[in-house]
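Colleague: Return atomic coordinates for the entry below.
(2 chains)
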Amino acid sequence: MPTLEIRDLHVTVDEADGGTKEILRGVDLTIGSGEVHAVMGPNGSGKSTLAYSIAGHPKYTVTGGSITLDGEDVLAMSVDERARAGLFLAMQYPVEVPGVTVSNFLRTAKTAIDGEAPKLRTWVKDVKQAMDDLKMDPTFAERNVNEHFSGGEKKRHEILQMELLKPKFAVLDETDSGLDVDALKIVSEGVNRSLASTGPGVLLITHYTRILRYIKPQFVHVFVDGRVAEQGGPELADSLEETGYDRFLTRA
Amino acid sequence: MTAVDETTTDPAAGSPVNTARAHSHGAGVVPDASRAERVTSFDVADFAVPTGREEEWKFSPLRELAPLFEAAPAGSAAVEVSGPDAVVHRTGTLQEVGAGTAFTPGDRAAVTGWAATAQAHLVSVPAEAELDAPVLVAVRGTAGTTTSGHLVVEAGHHARALVVISHTGSGAHRGGVEVRVGDGADLTVVTLQEWDADAVHVGQHDVLVGRDARVRHIAVSLGGKAVRLSTNVRYAGPGGDAQALGVYFSDAGQHLEHRLFVDHEATNCKSYVEYKGALQGDGAHAVWIGDVLIRAAAEGTETYELNRNLVLTDGARADSVPNLEIETGEIVGAGHASATGRFDDEQLFYLQARGITPDEARRLVVRGFFASIVERIGVPEISERLMTTIETELAATDLAGTSSTEEN
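Modeller: As a prediction, this is how the structure comes out:
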């Protein structure tokens, strides 16, 4: 079974004043295929840094520890190699790419991930079906990537990519943020379809518990101050719903 | 490691990188009290040979352009015109083709070019004619020769047409283009500078927009050693709508200069200027000057101008000078923006995080950067050819290291 293993991960970020700041201070996580792990925590606890570090964003420097995908050293891979190895990051703030249509972007990405161009007829059908499922208008395909998208459209577009690119592991970085209840349900259904069809391991990063009503995690990890402060099953999320992060913050 | 290096020349910002001059509003940039006072004349004696100290020549490579300042007689460039049957094409002297009613030389090269033009061309689209295919005007220069040419493009009232002027070959060329757009007409003029690498070209395009007419002028400069194109837009009556669009890709040692002047005097007219360029290699130089004058009488004017430069490597330089003069407050809107920057690392990261290789990601971003203008040309074969040329130029330079995403 494919496994994404994070061991004692330490990550720093360069600051504007030229110094560096340690954000992750020894993170351990093991995610298997088909598992949903929720990573929860207060703002500034390092959740997004974890997401970007897995994807290989150049702003973050790994100073210690390891990330492996089925034993392969992820940290030795470039950003695009990681994606081709089966990692996917649904971004909290997807980036605009002017002049590049969604349709062109999706086909280019699919070709890159699979190593060959998708068969035209089935691809067109797959894209149409996936957009339909996410309640995206067909004209969406001809718009430029993320340009003038609403917050909800951006998140649906991220999940559209997850459904079409079929990664082995998906990191969803606050995919729920900025969504109203209807959009949250649509996006969650997309993630659940992916889980049912290709069964990726999912790292679901969130500040709030409400997305966990629609996507059921088997494991919950509470992130505080750059490491996992507590972990457990879904019941941990329920207790957070009642008490919030206060007890972790006072302890820290 | 190169950080995102987007510089917007905003009046509030300091001196931006890669830009010789930030915004300047009228006074300070143009020594004349107003852009309107710049000399225009048919008399060669009214324009001295530039020394490089003049405001309007300070960015230009005068050594390269020197043959074009000579008042001696010059040959005509080879010109071929083809198009739908409805279009009238005539050749003859400047007088015989009726040149000079909407064109007055505005600098030394334009006036020597005018004086030396023995054979001019007229392309006339009859009133109310709607062309179903473009008119193609192919101008070809010859190595070692200096040539002059003048082309009048006339669209009768309520005509609809697309005229594509292509420039290929070598040599030194001065080209005057006089565009007369009839009332209610809809005209697109595309000028392609696809010269050989050693060609030099100075061109002046004067566009006169009829009442309620719509015109698009699209300049694409990819080839040549030095190209300097001045496009001047005036309005013959109210309600005109002019767009001046352009793209350019400047390689090592290549100078590509585009000077725009939109002169608003009629009421309720619109203008929109958008030029986008990429630069790569040592000594690659791009100049964009965007002058807009809204005269006191030009109430109801709406204007916006925009220049964006993508600097792909070190050693390239983009000068971008938007300049807006407003003499009446009774306008709909007036604005301008200029930005010069590197690849956006976040864009590249986003694409690479979807498995796309760094080379392919840069190709997509550059293609996207130019697509919004190139696709508006209206002839898919030409748009595709230009995109291929742009991608070939992009592939010619090793871009590794221009973005931090390579490092890890």
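Colleague: residues in contact with whatever residue of the stretch 151-300 of chain B ends up closest to chain A?
Modeller: Residue of the stretch 151-300 of chain B nearest chain A, by Cβ to the nearest Cβ: residue B:276 (9.7 Å). C-beta: built from backbone N, CA, C; applies to glycine. Residues near residue B:276 by Cβ atoms under 8 Å, 6 or more residues apart in numbering or on different chains: B:246-248, B:307-310, B:369-370, B:372-373.
Colleague: check the residues you listed against chain A, which are close?
Modeller: Restricting these to those near chain A by Cβ under 8 Å from any Cβ of the partner chain leaves B:369-370, B:372.
Colleague: Could I get those residues in TSV, plus columns for secondary structure and neighbour count?
Modeller: Below are the ones next to chain A among the contacts of residue B:276 laid out as TSV (DSSP: H, G, I helix; E, B strand; the rest coil; neighbours: other Cβ atoms under 10 Å in any protein chain shown):
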residue	secondary structure	neighbour count
B:369	helix	24
B:370	helix	23
B:372	helix	15
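Colleague: Closest to residue A:189 out of the residues you listed?
Modeller: Using Cβ to Cβ, residue B:372 is the member of those that sits closest to residue A:189, with 34.3 Å.
Colleague: Which positions in chain B make contact with chain A?
Modeller: Applying Cβ under 8 Å from any Cβ, we find that chain B lies next to chain A at B:1, B:344-347, B:349-358, B:360-361, B:364-365, B:367-372, B:404-408.
Colleague: Those, buried ones only, as a ChimeraX selection?
Modeller: Selection command for ChimeraX covering only the buried members of these, criterion 16 or more other Cβ atoms under 10 Å in any protein chain shown:
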select /B:344,345,346,347,349,350,351,352,353,354,355,356,357,358,360,361,364,365,367,368,369,370,371,404,405,406
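Colleague: Just list the residues touching the residue lying closest to residue B:43 once chain neighbours are set aside, thanks.
Modeller: Excluding the flanking residues, the one nearest residue B:43 by Cβ to Cβ, 6 or more residues apart in numbering or on different chains is residue B:111, at 7.2 Å. Applying Cβ under 8 Å, 6+ apart to residue B:111 gives the contacts B:41-44, B:46-47, B:105.
Colleague: ok, now residue B:298?
Modeller: With Cβ under 8 Å, 6+ apart, residue B:298 has these contacts: B:264-267, B:269, B:327-328, B:331.
Colleague: Equivalent analysis for residue A:116, please.
Modeller: By Cβ under 8 Å, 6+ apart, residue A:116 lies in contact with nothing.
Colleague: In which helix or strand does the closest residue to chain A within chain B reside?
Modeller: Of all residues in chain B, residue B:368 sits closest to chain A, at 2.7 Å by Cβ to the nearest Cβ. Assessed by DSSP states H and E, residue B:368 sits inside helix B:358-374.
Colleague: From the contact counts, what lies against that helix?
Modeller: Packed against helix B:358-374 by the contact rule (3 or more Cβ pairs under 8 Å, 6 or more residues apart in numbering or on different chains; DSSP states H and E) you find strand A:97-101, helix A:102-114, strand B:241-250, strand B:270-279, strand B:302-311, helix B:345-352, helix B:380-396.
Colleague: Name the surrounding residues that touch it.
Modeller: A:78, A:80, A:97-100, A:104-105, A:108, A:112, A:144, B:218, B:220, B:245-247, B:274, B:276, B:278, B:308, B:310, B:312, B:343-344, B:347-348, B:351-352, B:356, B:383, B:386-387, B:390-391, B:394, B:399-400, B:403, B:405-406.
Colleague: Surely residue A:45 touches residue A:221?
Modeller: No. When contacts are counted by Cβ atoms under 8 Å, residue A:45 is not listed as touching residue A:221 (10.8 Å).
Colleague: now the closest residue to chain B within chain A, nearest residue through space, not along the chain?
Modeller: Residue nearest to chain B within chain A (Cβ to the nearest Cβ): residue A:99, separated by 2.7 Å. Nearest residue to residue A:99, sequence neighbours excluded (Cβ to Cβ, 6+ apart): residue B:368, at 2.7 Å.
Colleague: So the one you found versus residue B:190, what's the distance?
Modeller: Going from residue B:368 to residue B:190 by Cβ to Cβ, to the nearest Å gives 21 Å.
Colleague: And residue B:140, by the same measure?
Modeller: For residue B:140, the distance to residue B:190 - Cβ to Cβ - is 17 Å.
Colleague: Alright, I will stop here.
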